[in-house]
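K.L.:
kindly return the folded structure for what I paste below:
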Amino acid sequence: MTFASLGLIDPLLRALETLGYQTPTPVQAQAVPAVLAGRDLMAAAQTGTGKTAGFALPLLQRLAQEGPVVAPNSVRALILVPTRELAEQVHANIVEYGERLPLRTYAVYGGVSINPQMMKLRKGIDLLVATPGRLLDLYRQNAVKFNQLQTLVLDEADRMLDLGFSEELRDIYKALPKKRQTLLFSATFSDAIRLMAGQMLDDPLSIEVSPRNVAASTVKQWIVTVDKKRKPELFTHLLKQQKWKQVLVFAKTRNGVDQLVERLQGLSINADGIHGDKPQATRQRALDRFKLGEVQILVATDVAARGLDIEDLPLVVNFDLPIVAEDYVHRIGRTGRAGSTGEAISLVCADEVQLLSAIETLTRQTLRRVEESGFEPDHRVPETNATGEVLKKPKKPKKPKVAGGKRNLGKWVDSGDTPTDSAPPVKPVRKVPVFNTGPRKRKP
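P.N.:
Here you go, the predicted model:
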């Protein structure tokens, strides 16, 4: 099968030839004809299998061949994505595909000034890529109108719900024309997404080119068990021992990202970080430098787990396991893309056994375990399997020994990727002795 046999027009075929695309992937082979035919579509495929081209190519063709000229402040096609990085990535691909077509495309997202975006929208945009929050801001300021909208694409919709965009999505749906084509593309589909698709889509064609929520077979996966406090030490040990050249590292919290980057930089290792508190320009600069090989280690929260296409990335390390099991599939999907092979290593402590069990249940595989000499955990990680069963109970943690029999009443808080990622230790209350120096004086 060729791209020409899918019915794509010559300008798109020439762009694909320039980009080195030779044959359609399975999801592209099924999705492109359906989208060209105007069908609603619900497609699930492993990350890295070409979902973006699956909806972008036919969408660009329909916009070039059908419909009126776009009016001021209007859009003809809308692609919603969960993160700024994914918006940039999807739009960059669209620019490459549509280089020979007379269409205006643009991407809008938060974290940057809204005024240049409002100015750009005045002339009208044929295809707009947007994050939900910034799109609503623009709509409420009358900077964007949907009366000409023909097609809505939800890319990684499950992640949008995970990030709390459900209310924004409802408000956007209310503003869109009821008569439209709707496409849902994602590597995984939660039950909530399937319910939403049932309410939004009209007689959709369902495409599943791989088993639901299964990690790519091109990625070799295993875990290294270790005590929580020794994870940073183990990571730097493996980095030097294995002579890793380029690594994408995922940490659970923003604080965790900053602390690991600071530690690595203190060891003269070229590292940078990405998380939601950093300005968009800083995040994009870190990602660009990593892609160019100017940064050896990129540490990120799950803002980097979806849609980022890093060519020939050899290794992903889960410094912390994700709270949402589906995010594991997306994280390790940054490697082993487009037929290449990759590796995914997870550093797992006893506290994460339930997260590990959820991942193994979701992916239907028991991850191979290894122990690194000198880093064997004192608190053993219980055995798990792909049925979701924890086979052995963890050992009770030992109480720390403190001189004088007193204990420091510290408190460790693990939270999600929120602006407040950790809480300071709770200081022990010091009791001050009270001495009886004489009879009490009565208050008047």
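
K.L.:
and the residue lying closest to residue 221 once chain neighbours are set aside, what are its phi and psi?
P.N.:
Leaving aside its sequence neighbours, residue 221 sits nearest to residue 344 (CB to CB, 6 or more residues apart in numbering; 4.7 Å). The C-beta positions use only the backbone N, C-alpha and C, and glycine is treated the same way. Taking degrees, to the nearest 10, you get phi -130, psi 120 for the backbone angles of residue 344.

K.L.:
same thing with residue 314?
P.N.:
The phi and psi torsions at residue 314 (degrees, to the nearest 10) take the values phi -80, psi -30.

K.L.:
so the residue nearest to residue 221 touches residue 220, yeah?
P.N.:
Yes: at 7.2 Å, residue 344 counts as touching residue 220 under the criterion of CB atoms under 8 Å.

K.L.:
okay, these two: which has more neighbours?
P.N.:
With neighbours defined as other CB atoms under 10 Å, residue 344 and residue 220 compare such that residue 344 has more, 25 against 15.

K.L.:
burial count for residue 8?
P.N.:
22.

K.L.:
what helix or strand does residue 233 sit in?
P.N.:
Per DSSP states H and E, residue 233 falls inside helix 231-241.

K.L.:
and for residue 249?
P.N.:
Counting by DSSP H and E, residue 249 is part of strand 247-250.

K.L.:
for that strand, name the packing helices and strands.
P.N.:
Counting contacts by 3 or more CB pairs under 8 Å, 6 or more residues apart in numbering; DSSP states H and E, strand 247-250 is packed against strand 297-300, strand 315-318.

K.L.:
quick one: which of those is nearest residue 103?
P.N.:
Closest approach to residue 103 among the helices and strands packed on strand 247-250 is made by strand 297-300 (32.1 Å; CB to CB).

K.L.:
give the partner strands of that closest one in its sheet and their orientations.
P.N.:
Partner strands for strand 297-300, per DSSP bridges, with pairing direction: strand 247-250 (parallel), strand 271-274 (parallel).

K.L.:
residues making contact with the last one?
P.N.:
For strand 271-274, the external contacting residues (CB atoms under 8 Å, 6 or more residues apart in numbering) are 85, 257-258, 260-261, 264-265, 283, 286-287, 289-290, 295-301, 303-304.

K.L.:
whichever of the residues you listed end up buried, select them in PyMOL.
P.N.:
The PyMOL command for the buried members of the contacts of strand 271-274 (criterion: 16 or more other CB atoms under 10 Å) is given here:
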select buried, resi 85+257+258+260+261+264+283+286+287+290+295+296+297+298+299+300+301+303+304
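
K.L.:
so which of the contacts of strand 271-274 are in helices?
P.N.:
Residues of these located in helices (DSSP state H): 85, 257, 258, 260, 261, 264, 265, 283, 286, 287, 289, 290.

K.L.:
if we can go back for a sec, of all the helices and strands packed on strand 247-250, which lies closest to residue 43?
P.N.:
strand 315-318 (24.1 Å).

K.L.:
can you give me the strands in the stretch 1-150 of the chain?
P.N.:
Assigned by DSSP state E, counting those that start in this stretch, the stretch 1-150 of the chain shows strands spanning 41-44, 75-80, 105-108, 125-130.

K.L.:
worst average pLDDT in these?
P.N.:
Of all the strands of the stretch 1-150 of the chain, mean pLDDT reaches its minimum on strand 41-44 (a mean of 86).

K.L.:
which two among the ones in helices among the contacts of strand 271-274 are spaced furthest apart?
P.N.:
Spanning the widest gap among the ones in helices among the contacts of strand 271-274 are 85 and 265, at 22.1 Å by CB to CB.

K.L.:
any weak-confidence spans in the chain?
P.N.:
Counting by pLDDT under 70, the ranges of the chain that qualify are 45-48, 162-163, 187-190, 210-216, 305-309, 337-339, 388-389, 391-444.

K.L.:
show me where it has helices.
P.N.:
Assigned helices in the chain, in chain order: 10-19, 26-36, 51-65, 84-97, 115-121, 132-140, 157-162, 166-175, 191-200, 231-241, 254-266, 280-291, 325-332, 353-363 (criterion: DSSP H).

K.L.:
can you add distance to residue 386 and give those helices back as TSV?
P.N.:
Output for those, formatted as TSV (distance: least, CB to CB, whole Å):
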stretch	distance to residue 386
helix 10-19	38
helix 26-36	25
helix 51-65	26
helix 84-97	30
helix 115-121	46
helix 132-140	35
helix 157-162	21
helix 166-175	30
helix 191-200	20
helix 231-241	25
helix 254-266	28
helix 280-291	33
helix 325-332	12
helix 353-363	5
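
K.L.:
and of those helices, who's closest to residue 374?
P.N.:
Set against residue 374 and scored by CB to CB, the helices of the chain come closest in helix 231-241, at 7.8 Å.

K.L.:
packing partners of the closest one?
P.N.:
Counting by 3+ CB pairs under 8 Å, 6+ apart, helix 231-241 packs on helix 254-266, strand 342-348.

K.L.:
one more pass at 6 Å, please.
P.N.:
Under the contact definition 3 or more CB pairs under 6 Å, 6 or more residues apart in numbering; DSSP states H and E, helix 231-241 sits against no other helix or strand.

K.L.:
for it, give me every contacting residue.
P.N.:
Helix 231-241 has contacts (CB atoms under 6 Å, 6 or more residues apart in numbering) with 226, 263, 347, 375.
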